[in-house]
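In: Please find the sequence and the predicted model below.
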Amino acid sequence: MHSLYEIETTIKRSSRAEGLSWGVSEETGKAVRMLEQSEFQGLESFRRLIGLGLNNLNKLLDVDQSNTRNLCPIHFGIFFLDQSHNKELHRTYNFKNINEPLLIVPFLSKSAKKNLLYFHLKSPDLNFTITPGGIYFINQNFFPKNLTDFSLTISTNRKSKYTQSSWDYLYKLSLDTFVEETEEKKISGAGAGLTDND
Amino acid sequence: MQIDLRKPELVMKLDRLGSFHQSKLSFLRSFIREFKNWEFTTEKFALDKQGFGHIVYVVNNGQKQYSLICFSNHIEDSERSDRVIATKWDASFVLFDGVPTEEDIERLNDNVPLQEQGRVSEKELCLSRANKSVRVFEHVVDKLSKGEQPNTKLLYDVGYLYRTTAVYGSGKFGLADRIKIQNREELKGPFRLEMMLVYLARQFTFDVVNHVAYSRSPNKAVKLKEDIARNLGIGNSTGLGMAPFIVNHPALLNQWIIAKEKALKAIRSISSVSQKDKNIFQSYLSIIRENIKFWKTESDFQKKKNKQLLKDLSIFQKFYSTFPLNKFFWNSIYEWTEANTQSECCEFIISLMMEVYPDIVEPLSFEMSINEDEYFDIDTSRTIKEVCELIEDQYTWLLDINFDDKENILNFWYYSKNKQEPRMSDRFTEEGSDLELPLAIARDVSALYDDLKSCNLEKDLGYYLLKNQEYRHILRRVLICEKLPYSEIQDNTISKTLIPVDMLRLKLSFFGATRFDPRSDRWVRITMYQGAPLMREISKSDDTWSYKKIA
């Protein structure tokens, strides 16, 4: 089990290693952290996303852009995080397709809270609503009118929602933001001696 | 009279920040104030005759317990290094949430001595390690085993028996995340758990020497006198790893600085000062001038600073002795000190002034934490023009720096692949600057400013970021600095003239460190808890222990 701190920093560094800016990498680290804290498979989703190659994905830079196929969820999420204070954008848009849609949820959630907005996503496979109140409805039409024989478990224990191999892969990738140390750097970079028997 | 907070452009310069001293706001002192009424006990003592094994200390208030598990291991002299590249240590520590079971101790025994290479769980809160001061440890054990007390001159010259080399918390290596404990009343002040770990580790150092001396000679051995032990702290050896923290946590830095500045403002605003208060200040000043003689260092840089401090304090003393108790006495004292002494002395006097007024200063220690996430999001409805004005107002100091000049961009900060610790190197002679960490704040704000000026100033940041995400991290900082004016070090952190040890000193002074002993421009040894009450007498602490005479 990894701490949320470890998840956030590893995703931030992996994002940077994949070419995202530091600022966007910081946002991505926090987004995956939020998903994992909520027991969604954020880390697995991010791993699949970079497997597609971030450079191969289409960035959303304008709601009216003609090509909305193969969208990157991080840039999609950041677009609405950054732009949705603008009331002219408050309407319905149609997009062709987006990869790993789970990753847009933290961004829309932040934007909903910040700008008091409601995001309703509809597709043949998935419907959800994100509200400023922080309560999400996923496939709400499937909610039955009443429940029988149900249980409710309350716990402080977060469950890991990713495999060790996904963690190892991303952790290794995150190391690509680190600098290999030469013998010279070991001495000069940190500025100390090598033994301390005084 | 209206007294203002000191301006960030004065306080946030690195040579000023690198002259800060411990004070009533320091975290190790606020830890003792917070926990002095808890019960401190030795739960388990399992050391062999050589002093290897483990000890468990428990801190308990009847409802909540924290335990420090100390592992003591044999290492060869050749393996003893304070560097983060070390892989073995004389002692390793883990702070446990509650009281550990035997299974917990067994699990931790397999992992804690490995430090970064081991794994801990969310039951654990902090992790650390320490090495013996070989010359002092052997001397003390030898003398005690012969029934004698050690040479106090040697002891006080060093100041400790062991020195720690890193203290980790907040989710590192699997430790509990900060969110798990942030709402606990007793942990409202910053770094409370880290300070608890270090305090208990100090007790461990005394228990080990007493135990080993007794094991060597059960019939002759005596215990280390408590008066001597009390004058020993625990050492710490800190390298560059600590420096980026204060750049990476601007909101937290603001809280630390503003607490000090509010205290100073409140004291300077006292219109009528009593002779008693003036005398209290004088008594602390007299003692600490004596104690400074124990600040030993081989560093020319620090020797010069200490010498200047003693010289300035001598001048100050003459002034203070004759200056009458006029209205706004402390304001006059501060203004004279600022005008007539160097930063080192000025900040020293401010710390001393704070000692006289616990009712003003101590409550401020509860304002030194902050929820950094509240300052993370960028308000993209702000206009480009507004941000340009913010930079012109808050970052005036960097607008004239020429970042085409090699000397102004000489260094780059990076993470070492080997130890995952921050490092700094010359970008023109070393490989790796393409993986530079975003710590070149001055250079990046300057670049952002130049870019913004070339845009349509009436457009908002949402528009700007569509095509300029490379500036997102620095834009975030500018907006944080608008709300939190003491969040930014006002110096170029990549210039040739940077003295990284100033960044370490800033953080360590807030921890409560004393006896700064730089071993280079990027590595420093310090002492913590020197003079502090021992574990069994902590309940009697009146928070004046920092100003008790040594020897």
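Out: Nice, thanks for sending it over.

In: Return the set of buried residues in stretch B:467-479.
Out: Neighbour-count burial for stretch B:467-479, counted by 16 or more other Cβ atoms under 10 Å in any protein chain shown, picks out B:N468, B:Q469, B:E470, B:Y471, B:R472, B:H473, B:I474, B:L475, B:R476, B:R477, B:V478, B:L479. Yep, even glycine has a C-beta here, placed from its N, CA and C like the rest.

In: Please go through these and note which also touch chain A.
Out: Counting by Cβ under 8 Å from any Cβ of the partner chain, the subset of the buried residues of stretch B:467-479 that neighbours chain A consists of B:Q469, B:E470, B:Y471, B:R472, B:H473, B:I474, B:L475, B:R476.

In: Report the secondary structure state of the third one.
Out: Of the three states, B:Y471 takes helix according to DSSP: H, G, I helix; E, B strand; the rest coil.

In: how many neighbours does A:K122 have?
Out: A:K122 sits with 11 neighbouring residues when counted by other Cβ atoms under 10 Å in any protein chain shown.

In: I should have written B:F52 there, sorry.
Out: So B:F52, with other Cβ under 10 Å, has 16 neighbours.

In: can you check A:M34 too?
Out: A:M34: 19 neighbours (other Cβ under 10 Å).

In: by contact count, what packs against the longest helix anywhere in chain A?
Out: Using DSSP state H, we find that the single longest helix of chain A is helix A:22-37. The contact analysis (3 or more Cβ pairs under 8 Å, 6 or more residues apart in numbering or on different chains; DSSP states H and E) places helix A:22-37 against helix A:4-17, helix A:42-52, helix A:73-83, helix A:105-115, helix B:472-483.

In: gap between the first one and the chain center?
Out: What it means is helix A:4-17. 10 Å (Cα atoms, centre = their mean, to the nearest Å).

In: likewise stretch B:210-226?
Out: Chain-centre distance of stretch B:210-226: 34 Å, with Cα atoms, centre = their mean.

In: Spit out the contact partners of the residue nearest to A:Q37 when sequence neighbours are not counted.
Out: Closest residue to A:Q37 apart from its sequence neighbours, by Cβ to Cβ, 6 or more residues apart in numbering or on different chains: A:L4 at 5.8 Å. Residues near A:L4 by Cβ atoms under 8 Å, 6 or more residues apart in numbering or on different chains: A:R33, A:E36, A:Q37, A:R158, B:G171, B:D177, B:I179.

In: burial measure for residue 181, as a count.
Out: Here I'm looking at chain A. 22.

In: not quite, I wanted chain B
Out: Per other Cβ under 10 Å, the neighbour tally for B:I181 reads 17.

In: Once you drop chain neighbours, what's closest to it?
Out: B:L187 (5.4 Å).

In: and the one you found, how many residues sit next to it?
Out: B:L187 has 19 neighbouring residues, counting by other Cβ under 10 Å.

In: Need the pLDDT of whatever residue of the stretch 351-500 of chain B ends up closest to chain A.
Out: Nearest to chain A in the stretch 351-500 of chain B, going by Cβ to the nearest Cβ, is B:R472, at a distance of 2.2 Å. Per-residue confidence (pLDDT) for B:R472: 98.

In: so it sits right up against B:I378, yeah?
Out: Yes - using Cβ atoms under 8 Å, B:R472 makes contact with B:I378 at a distance of 7.2 Å.

In: shared neighbours of these two, which are they?
Out: By Cβ under 8 Å, 6+ apart, the residues touching both B:R472 and B:I378 are B:L465.

In: ok, so what distance separates the residue lying closest to B:Y547 once chain neighbours are set aside from B:K549?
Out: Distances taken as Cβ to Cβ, 6+ apart put B:Y284 closest to B:Y547, at 4.6 Å, once the chain neighbours are dropped. According to Cβ to Cβ, to the nearest Å, B:Y284 stands 11 Å off from B:K549.

In: next one: B:K260
Out: Counting by Cβ to Cβ, the gap from B:K260 to B:K549 is 26 Å.

In: In the stretch 401-550 of chain B, where is pLDDT below threshold?
Out: B:419 (pLDDT under 70).

In: Work out for me the element the residue nearest to B:Y547 sits within.
Out: Applying DSSP states H and E as the criterion places B:Y284 in helix B:275-291.

In: Same question for B:H54.
Out: strand B:53-60.

In: about what we covered before: can you check what angle separates the longest helix of chain A from helix A:73-83?
Out: Interaxial angle, helix A:22-37 versus helix A:73-83 (axes from the mean of the first three to the mean of the last three Cα atoms, to 10 degrees): 110 degrees.
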